[in-house]
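What follows is a predicted protein model with its sequence.
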Protein chains: 2
Amino acid sequence: MPEAPLQDRLLATFDTLPPRLRAAARWVLDHPDDVALLSMRGQAQRAGVPPVTLTRLAQRLGYDGYDEVRDLYAQAVRRRAIGFADRGGALVARGKAEGEGRLLADILAASGASLQRLAEEDVLAQIRTAARILGGARRIYAVGQRSSFSIAFHFSYVAAFVGADCHLLEGAGGTGADALRGARPGDALLAVSVKPYVRTTLELARHAAGRGLDVVAITDSAAAPLARSAGCAIIVPTESPSFFHTMLPAFAVAELLVALFATRRGEQALIAITATESELAALDVYALGSEGRRITP
Amino acid sequence: MPEAPLQDRLLATFDTLPPRLRAAARWVLDHPDDVALLSMRGQAQRAGVPPVTLTRLAQRLGYDGYDEVRDLYAQAVRRRAIGFADRGGALVARGKAEGEGRLLADILAASGASLQRLAEEDVLAQIRTAARILGGARRIYAVGQRSSFSIAFHFSYVAAFVGADCHLLEGAGGTGADALRGARPGDALLAVSVKPYVRTTLELARHAAGRGLDVVAITDSAAAPLARSAGCAIIVPTESPSFFHTMLPAFAVAELLVALFATRRGEQALIAITATESELAALDVYALGSEGRRITP
DNA sequence: CCCGTTCAGCAACGATTGTTTCAAGAATGG
DNA sequence: CCATTCTTGAAACAATCGTTGCTGAACGGG
């Protein structure tokens, strides 16, 4: 069983505990999951002690009551779901800060956690599937509106940079749908949409699917409209301590997709990049062209 | 998001559910861990529905009560715990992973680290200064090109959502600079630019500074052209294990800026948001307007 | 030996849980 | 149009929760 929040503390005091409390502590050490999932009375029964004993154990450890202990273990379960060892730094910083600093620290900590959630098996699997679909497509269309637009744009821009035949469907004036006119099976559509779902994005995705395109979705829930109609859906968290949703994980997914995409194209991608770069340099787009720089869109 | 016991069943009945039940189902789908760890009332609150609704949802799925549903999710948590114990966790898996999986894990880890760097004192201080400047400005202009465009766009979009008088300077056709014609002292410019620095962005920033605007820069080095000319420069890391630069930290900064900005505006921001929302709703921009949703750009 | 302290468990407490009931509103079909 | 069904939330419900107060037992130092 993985990390147990109070393990060290319990072991330290273990020898000084009276027999029944020790039995309780022992059970807690052995069943961290149950601490989070069962009621205190249920745990007491399984541990073979009266409920009071657990309360007393919690108090002896310096907590007000057993609820605090259970919260601790619940957090551990959540963290394990995410799969990262807790990095003290950010959490400590959060605790000390106040006001604006507190908000900033909270948001950053939450952002980090959100990104970690992308590292879960099933999400990664979806990302890889998506990269495979996009990589195999003859042409890629990308669509996203309002808060999702920046995601679609970024993907489209970088994908084009590595030589993909990628078209961004801008929603304005309905011209977006027009670009789809030449689309045919073998093409793919990357659609980005989070709550509240913009109608035209959904319709475009439906339309594309109807024409036989592979639809890859970046959205915020398995129950989201896009997730249900798309061939491959990548679910990103959007909750944030601020009172906005965050698009950061979606942005990260976009970058991940291009990275994989580029890897799949390999040599071909490098050629495309250098070609684009020299073209742009010739057009004098960039300042300070002399400085040594990496391949960069 | 880890395995969800009822996912299939919920998705199957999802469309036939009445609105509030659907909202509940949706929350359950999106927060499987919380189903196991929180009390029903706590879950109801987070889902934005009265407690009864969860009971009804359980009954509609054929269970006697919500407790059975929670037991199901608790079992899933335990099962996952076992799985992790066997395989030794995601971190080990990362080490073992190869090829694509390895790349994804590396990028995500690096992204997390990059975000942590934003939490450093001096960066935070710059962010706060920037928020103060932008918050005090009469009007905000935003500019960013190529890979920086998505950052500028996102900032501009969300800032406008909270009621800021924010204009995005699009580079195409030189019309971007035109929008600056009405600019005067008291206005501010948010300029985003990373290597290789697009010439026009730099020129625009210089131009704006010349007209007496406060210039806030998001860039990638203290030695970058923008950093040296701007009144306030936020330095973001752009290194990445992939062979592209990453714009993720810059994106995070954009979101942080708006969050702070909105906080400063307080009540005023909320009013602006609800006004915009109802306007958009009236225009029928969004699908599924009925579902309870948060303030969302 | 007695006395004070610590430990353990029972019973009862208020708080909170999940559920049922009921009435009002919305949607639907005739 | 009315009648009917379905949907929804407030309030009240018993059950269960975690905790407290209390009592007796066990133990150790005087």
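Good, I have the coordinates.

where in the stretch 101-250 of chain A is pLDDT low?
Across the stretch 101-250 of chain A, the ranges flagged by pLDDT under 70 are A:171-177.

Do a quick rundown of the helices in it.
Ranges of helices in the stretch 101-250 of chain A, per DSSP state H, counting those that start in this stretch, are A:121-136, A:149-161, A:175-179, A:199-210, A:225-229, A:248-265.

all strands for the stretch 1-150 of chain A, in order.
A:140-144 (DSSP state E, counting those that start in this stretch).

interface residues of it facing DNA strand D?
A:39-42, A:51-52, A:54-56, A:58-59, A:64-67, A:70 (CB under 7 Å from any atom of the strand). Glycine gets a C-beta too; all of them are placed from N, C-alpha and C.

10 Å instead?
A:18-19, A:35, A:38-45, A:50-59, A:63-70 (CB under 10 Å from any atom of the strand).

Can you flag the buried ones in those residues?
A:35, A:38, A:40, A:43-44, A:51, A:53-58, A:63, A:66, A:69-70 (16 or more other CB atoms under 10 Å in any protein chain shown).

domains in chain A, as residue ranges please.
What automatic domain parsing lists as the domains of chain A is A:7-82, A:88-117, A:121-265.

I'd like to know which of those lies nearest to B:Gln145.
domain A:121-265 (10.1 Å; CB to CB).

what's the straight distance from one end of the closest one to the other?
Start-to-end span of domain A:121-265 (CA to CA, to the nearest Å) is 24 Å.

How about stretch A:37-52?
18 Å.

Can you pull out the residues in contact with that stretch?
Contact partners of stretch A:37-52, identified using CB atoms under 8 Å, 6 or more residues apart in numbering or on different chains, comprise A:20, A:23-24, A:26-28, A:31, A:34-35, A:53-55, A:66, A:70, A:77, B:36-37, B:74, B:77-78.

Tell me who's in contact with A:Asp220.
Neighbours of A:Asp220 in contact, by CB under 8 Å, 6+ apart: A:194-195, A:235-238, A:245, B:30.

ok, of the residues you listed, which one's closest to DNA strand C?
B:Asp30 (18.3 Å; CB to the nearest atom of the strand).

Give me the nearest residue to the closest one, chain neighbours excluded.
A:Ser221 (5.1 Å; CB to CB, 6 or more residues apart in numbering or on different chains).

Go ahead and confirm that neighbour touches B:Arg26.
Yes - between A:Ser221 and B:Arg26 there is a contact under CB atoms under 8 Å: 6.2 Å.

in the stretch 51-200 of chain A, what residue is nearest DNA strand C?
With CB to the nearest atom of the strand, the shortest gap between the stretch 51-200 of chain A and DNA strand C falls at A:Val52, namely 4.1 Å.

Next, the contact list for the residue of the stretch 1-150 of chain A found nearest DNA strand D, please.
Residue of the stretch 1-150 of chain A nearest DNA strand D, by CB to the nearest atom of the strand: A:Gly65 (1.7 Å). Each residue near A:Gly65 by CB under 8 Å, 6+ apart is listed here: A:55, A:58-59.

circling back: run a quick neighbour tally on the residue nearest to B:Asp30.
The burial count assigned to A:Ser221 is 21, neighbours taken as other CB atoms under 10 Å in any protein chain shown.

Please apply the same query to A:Arg146.
Count around A:Arg146 with other CB under 10 Å applied: 21.

Give me the distance between the residue most central in space within chain A and B:Leu103.
Residue closest to the average C-alpha location in chain A (CA atoms, centre = their mean): A:Leu118, at 3.6 Å. When distance is defined by CB to CB, to the nearest Å, A:Leu118 is 13 Å away from B:Leu103.

A:Arg79 too?
Using CB to CB, A:Arg79 is found at 25 Å from B:Leu103.

Apart from its neighbours in sequence, what residue is nearest A:Thr246?
Per CB to CB, 6+ apart, closest to A:Thr246 is A:Ser240, 4.0 Å.

Any figure for the gap between the one you found and B:Thr263?
A:Ser240 sits 13 Å away from B:Thr263, going by CB to CB.

Pick out whichever of those two has more residues nearby.
A:Ser240 (20 against 17).

Might one say that A:Leu21 is in contact with A:Thr55?
No - when contacts are counted by CB under 8 Å, A:Leu21 is not listed as touching A:Thr55 (10.7 Å).

Inside helices: which ones of the contacts of stretch A:37-52?
Per DSSP state H, helices hold the following members of those: A:20, A:23-24, A:26-28, A:34-35, A:53-55, A:66, A:70, A:77, B:36-37, B:74, B:77-78.

Quick check: beta-bridge partners of the closest residue in space to A:Ala230 that isn't next to it in sequence?
Of all residues beyond its chain neighbours, the one nearest A:Ala230 is A:Ala217 (3.6 Å), with distances taken as CB to CB, 6+ apart. Here A:Ala217 shows beta-bridge partners A:Ala191, A:Ala233, assigned using DSSP bridges.

So A:Ala217 sits against A:Val194, correct?
No - between A:Ala217 and A:Val194 there is no contact under CB under 8 Å: 10.4 Å.

Please identify every residue contacting each of these two.
Listed as contacting both A:Ala217 and A:Val194 by CB under 8 Å, 6+ apart are A:Ala224.

Quick one: residues contacting the nearest residue to A:Leu17 once chain neighbours are set aside.
Excluding the flanking residues, the one nearest A:Leu17 by CB to CB, 6+ apart is A:Ala25, at 5.9 Å. Residues in contact with A:Ala25 (CB under 8 Å, 6+ apart) are A:10, A:13-14, A:17, A:57.

Write the ChimeraX selection for whichever of those residues are buried.
Here the buried members of those are turned into a ChimeraX selection, burial being counted by 16+ other CB under 10 Å:
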select /A:10,13,17,57
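
Switch the contacts of A:Ala25 over to CSV; also include pLDDT and distance to A:Ala208.
Listed next are the contacts of A:Ala25 as CSV, based on pLDDT from 0 to 100; distance: CB to CB, whole Å:
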residue, pLDDT, distance to A:Ala208
A:Leu10, 88, 57
A:Thr13, 88, 62
A:Phe14, 90, 62
A:Leu17, 89, 65
A:Leu57, 95, 59
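
any idea how far A:Leu202 is from A:Val253?
On the measure of CB to CB, A:Leu202 and A:Val253 end up 19 Å apart.

Comparing the two, which residue is more hemmed in?
When A:Leu202 is set against A:Val253 and neighbours are counted by other CB under 10 Å, the residue ahead is A:Val253, at 23 against 20.

Test my guess that the more buried one contacts A:Thr238.
No - using CB under 8 Å, A:Val253 is not in contact with A:Thr238, being 11.7 Å away.

Touching, A:Ala222 and A:Ile235? I think so.
Yes - between A:Ala222 and A:Ile235 a contact is recorded at 6.0 Å, counting by CB under 8 Å.

Out of these two, name the residue with the larger neighbour count.
A:Ile235 (25 against 19).
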